[in-house]
Every structure is written in C-alpha cells, then in structure tokens.
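K.L.:
Next one to model:
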Amino acid sequence: CAPDADMREPLLHVVLLNRAGRWNVFRYGLALVMNRLYRLDDVRIVPATRVRILAPGGEPLQSDGDVIGETPIEIEARENVVRILYPAD
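P.N.:
Sure, this is the predicted structure:
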C-alpha cells in the first residue's frame with residue numbers, strides 16, 4: 001500500500017486514511033486489495049523515522065494482526081536491527 005517503501009531503508013511509511021465511515025472502510029479495503037490505495041485523493045503516505053501514536057490510554061495496537069502494545073506508543077525505524085525468534089532445542 002506504500003509503493004515507495006523499501007525494507008533496505010530505515011523509514012516508516014505511515015498511511016493516513018482521512019475519512020471515516022462504513023463506505024470509506026469498504027472503499028479503502030477495495031483499493032488496498034486492488035493495489036490502488038495510494039492513488040486515492042484522501043490517502044496520504046508520510047515517510048518518517050519516528051512515529052508517535054496518541055489515543056486514549058490503553059487502546060491495543062496491532063501489527064500484522066498481533067497485539068504488540070497499547071497507546072500511547074512511539075515507534076522508531078532503525079538500521080540493521082533484526083530480531084529472530086526460533087524454538088529452543
């Protein structure tokens with residue numbers, strides 16, 4: 001959904017969906033599936049190295065469908081940081 005994003009660069013590409021409501025959720029979802037989300041006039045993609053998400057305290061935050069924390073939260077892109085999880089012997 002962010003065509004300029006590159007895993008080799010230490011940048012986050014924040015996708016801002018500017019309209020609320022069921023119709024817009026459907027419209028954004030359809031555009032995402034068709035790989036056209038970035039083409040919509042009411043979508044902004046902002047590159048950043050650090051993002052702070054402010055919302056009522058304790059709101060769950062998801063990444064790829066998994067809860068990774070809660071708001072408020074600050075996320076930072078860094079170079080050469082990779083965590084690998086593997087089963088112990």
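K.L.:
Strands of this protein, residue ranges please.
P.N.:
Taking DSSP state E, the strands of the chain run over residues 12-17, 43-48, 50-53, 60-63, 66-70, 73-76.
K.L.:
Tabulate these (TSV), appending distance to residue 28, mean pLDDT and mean neighbour count.
P.N.:
(Each C-beta comes from the backbone N, C-alpha and C, glycine too.) Putting the strands of the chain into TSV (distance: least, C-beta to C-beta, whole Å; pLDDT from 0 to 100; neighbours: other C-beta atoms under 10 Å) gives the following:
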stretch	distance to residue 28	mean pLDDT	mean neighbour count
strand 12-17	5	94	15
strand 43-48	7	96	14
strand 50-53	18	92	12
strand 60-63	16	86	11
strand 66-70	21	88	11
strand 73-76	21	90	13
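K.L.:
export the ones you listed to CSV and tack on distance to residue 25?
P.N.:
As requested, the strands of the chain are exported to CSV (distance: least, C-beta to C-beta, whole Å):
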stretch, distance to residue 25
strand 12-17, 9
strand 43-48, 13
strand 50-53, 19
strand 60-63, 16
strand 66-70, 21
strand 73-76, 23
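K.L.:
Run a quick check on residue 71 versus residue 61, I expect a contact.
P.N.:
Yes - between residue 71 and residue 61 there is a contact under C-beta atoms under 8 Å: 6.1 Å.
K.L.:
list residues touching both of those two?
P.N.:
In terms of C-beta atoms under 8 Å, 6 or more residues apart in numbering, residue 71 and residue 61 are both contacted by the residues residue 53.
K.L.:
Run through the bridge partners of the residue nearest to residue 58 when sequence neighbours are not counted.
P.N.:
Residue nearest to residue 58 in three dimensions, not counting chain neighbours: residue 70, with 5.2 Å by C-beta to C-beta, 6 or more residues apart in numbering. With DSSP bridges as the criterion, residue 70 is bridged to residue 60.
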